[in-house]
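Peer 1: model the structure of this input:
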Amino acid sequence: MAKEREKEKISVKSSWNYPYELKLLLIVMLTLFSLATLFQFLPSRFTISTSDLRFCIASSSPLSLSPSPPSLNQDQLLSNGVLKRAFNSYGSAAYSFIAMSAYRGGLNTFAIIGLASKPLHDFGDPTYECRWVPELNSSEYISTVSYRMLPDKGHGRVYSVVVLNCTFSQPINANNSGGKLILYANNSGGGDWTSNHIEIIEVLSESPGSLNFSLFTSPPKYDYFYCGSPLFGNLSPQRIREWLAYHVWLFGPKSHFVIYDSGGIHEEVMEVVKPWMELGYVSLHDIRDEERFDGFYHNQVMVLNDCLHRYKFMAKWMFFFDVDEFVYVAPNNTIKSVLDSHSEYTQYTFPQKRMSNKLCLSLSDDAEQTNREWGFEKLVYRDVNRSIRRPRKYVMQPRNVYSAGIHVSRNYTGKTIAGNQTMYFHYHRTIVNRGELCKMLINSTEIYLENRPFVLDTGMRDLASFVKKFELKMIGSTLQNTPT
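Peer 2: Numbering: from 1, shown residues only. This is a model prediction of the structure:
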């Protein structure tokens, strides 16, 4: 007995001679087992996941060590007496690629829309490879080199817009069994010629049976489609109301409008948009997260290209302009008659009518009556300074277009024409004016102000009564008290 007790003492004593780390690990494990027993008596609504336990173990274990910092490159004195200086790089100034979306453009072609580091494309030569990986047999993948388009070149900031066209030599997912489109984005040493880094990005996935082949050959659902620039800032609900009512009236029942919200659809604007959404005329996309990435004009061109490729098979004609701009058709014409007469063209551009954003027509001494008028009803003085070249806007047949720009597309098949039967009235910055627009009331056909000539142009004013009646017919009086 004495020998057995002595062995027990030696055993206990030797166990406490293990290194400190092992003792601590045993204590932690004993504590966790005790907690596991305790959890059996807790109420059912109290739960703890295995991931919580793993995190607890990982954070408590003394065996988990912080990674060692990378070794520094050191200056070297060469045999010829020259001191070779060393450089050490840390972090990343910008992402090499930010994917927003990817869409099919046909049986064997895809479009990928995103952002990339502007210096990388301005001064480097990145390359992009697309790979289709079938669902059933991933080893039988097919690859192609993508065609890169930079539709906002010259406008980007930290990031530029990149649109990639991936066209394969054969139909993809022809048996509708599913698969994935993988993008291999290679910086090709841009920014650091010693680093040739490749990002592998899954940009699109098709589940088995999900591909609708008829989409590419069926007639489009809509005759006229609007792709909008991102809306941001403290926008005027009344101006948005006027713009929507007018263009739904102009484009007709087979039209649709896609609005991208970068922070401009606040509660009062939402009240204006909602009735048209409920009628099926408007789709609203929340893209506020794009504000994280510093691109030109809230990444306007990326948004336009997302809209182009997302809806290209749903529209016969697709318009690109802003919410302070109103498309206008010359008298004795309609949108249908103008565009039908130019159906052989992929792209139709139209000129601008720049309107004063503060000169208003005064037909009476009743200022309250003028205040109650809609913006395009009372802003009727057009800037006719001919020394300024004014940008055009455009409408196009999207099935023939590869990328969209701000004022024109540069990547399409077919012909383009500069028309004049359609134009757009531009009421610059009125969309962010929450007060009364009229700063000066005039009862004259022409005026010279601030070294610029203005003439009376009532083209849009003459349509106001028709648009107001149309709005009342479509959505009732729900927006009659919309705030400015």
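Peer 1: give me the neighbour count for Gly81.
Peer 2: Residues near Gly81, counting by other C-beta atoms under 10 Å, number 6. Yep, even glycine has a C-beta here, placed from its N, CA and C like the rest.
Peer 1: what about the closest residue to Ser229 other than its chain neighbours, neighbour count?
Peer 2: Leaving aside its chain neighbours, Ser229 sits nearest to Gln300 (4.8 Å; criterion: C-beta to C-beta, 6 or more residues apart in numbering). The tally of other residues near Gln300 (other C-beta under 10 Å) stands at 22.
Peer 1: and Gln300, its phi and psi?
Peer 2: With angles defined as degrees, to the nearest 10, Gln300 sits at phi -50, psi -50.
Peer 1: how close does it get to Gln352?
Peer 2: 18 Å (C-beta to C-beta, to the nearest Å).
Peer 1: next one: Gln421
Peer 2: Counting by C-beta to C-beta - Gln421 and Gln352 are separated by 15 Å.
Peer 1: so Val395 sits in a strand?
Peer 2: Yes: per DSSP: H, G, I helix; E, B strand; the rest coil, Val395 lies within a strand segment.
Peer 1: isn't it up against Lys316?
Peer 2: No: using C-beta atoms under 8 Å, Val395 is not in contact with Lys316; the gap is 10.1 Å.
Peer 1: these two: which is more packed in?
Peer 2: A count of neighbours by other C-beta under 10 Å puts Val395 above the other of Val395 and Lys316, at 25 against 18.
Peer 1: could you give the mean pLDDT of the helix or strand hosting Tyr424?
Peer 2: Under the criterion of DSSP states H and E, Tyr424 resides in strand 422-426. Strand 422-426 carries an average pLDDT of 98.
Peer 1: tell me where the stretch 201-350 of the chain has strands.
Peer 2: For the stretch 201-350 of the chain, the strands defined by DSSP state E, counting those that start in this stretch cover 222-227, 255-261, 282-286, 315-320, 325-329, 347-350.
Peer 1: out of the ones you listed, flag the one nearest Arg372.
Peer 2: For Arg372, the closest of these is strand 325-329, at 19.3 Å, according to C-beta to C-beta.
Peer 1: okay, the angle between the closest one and strand 222-227?
Peer 2: Relative orientation of strand 325-329 versus strand 222-227 (axes from the mean of the first three to the mean of the last three C-alpha atoms, to 10 degrees): 150 degrees.
Peer 1: ok, and what's touching strand 325-329?
Peer 2: 243, 246-247, 250, 319, 321, 335, 338, 350, 352-353, 376, 393, 421-427, 459-460 (C-beta atoms under 8 Å, 6 or more residues apart in numbering).
Peer 1: got the angle between it and strand 315-320?
Peer 2: Using the same axes, to 10 degrees, the direction of strand 325-329 lies 130 degrees away from that of strand 315-320.
Peer 1: is it true that Ser195 touches Ser188?
Peer 2: No: Ser195 is beyond contact range of Ser188, at 9.9 Å (criterion: C-beta under 8 Å).
Peer 1: the more surrounded of the two?
Peer 2: A count of neighbours by other C-beta under 10 Å puts Ser188 above the other of Ser195 and Ser188, at 16 against 11.
Peer 1: distance of that one relative to Ser444?
Peer 2: In this view, Ser188 and Ser444 are 62 Å apart by C-beta to C-beta.
Peer 1: the contacts of strand 325-329, buried ones only, as a PyMOL selection?
Peer 2: Buried residues among the contacts of strand 325-329 (16 or more other C-beta atoms under 10 Å), as a PyMOL selection:
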select buried, resi 243+246+247+250+319+321+335+338+350+352+353+376+393+421+422+423+424+425+426+427+459+460
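Peer 1: so who does Lys153 touch?
Peer 2: His121, Ser160.
Peer 1: same thing with Pro391?
Peer 2: By C-beta under 8 Å, 6+ apart, the residues touching Pro391 are Gln352, His407.
Peer 1: separation between it and Asp322?
Peer 2: For Pro391, the distance to Asp322 - C-beta to C-beta - is 11 Å.
Peer 1: could you do Pro119 as well?
Peer 2: Pro119 is 29 Å from Asp322, by C-beta to C-beta.
Peer 1: looking at these two, which is more packed in?
Peer 2: For Pro119 versus Asp322, neighbours defined as other C-beta under 10 Å are more numerous around Asp322 (18 against 15).
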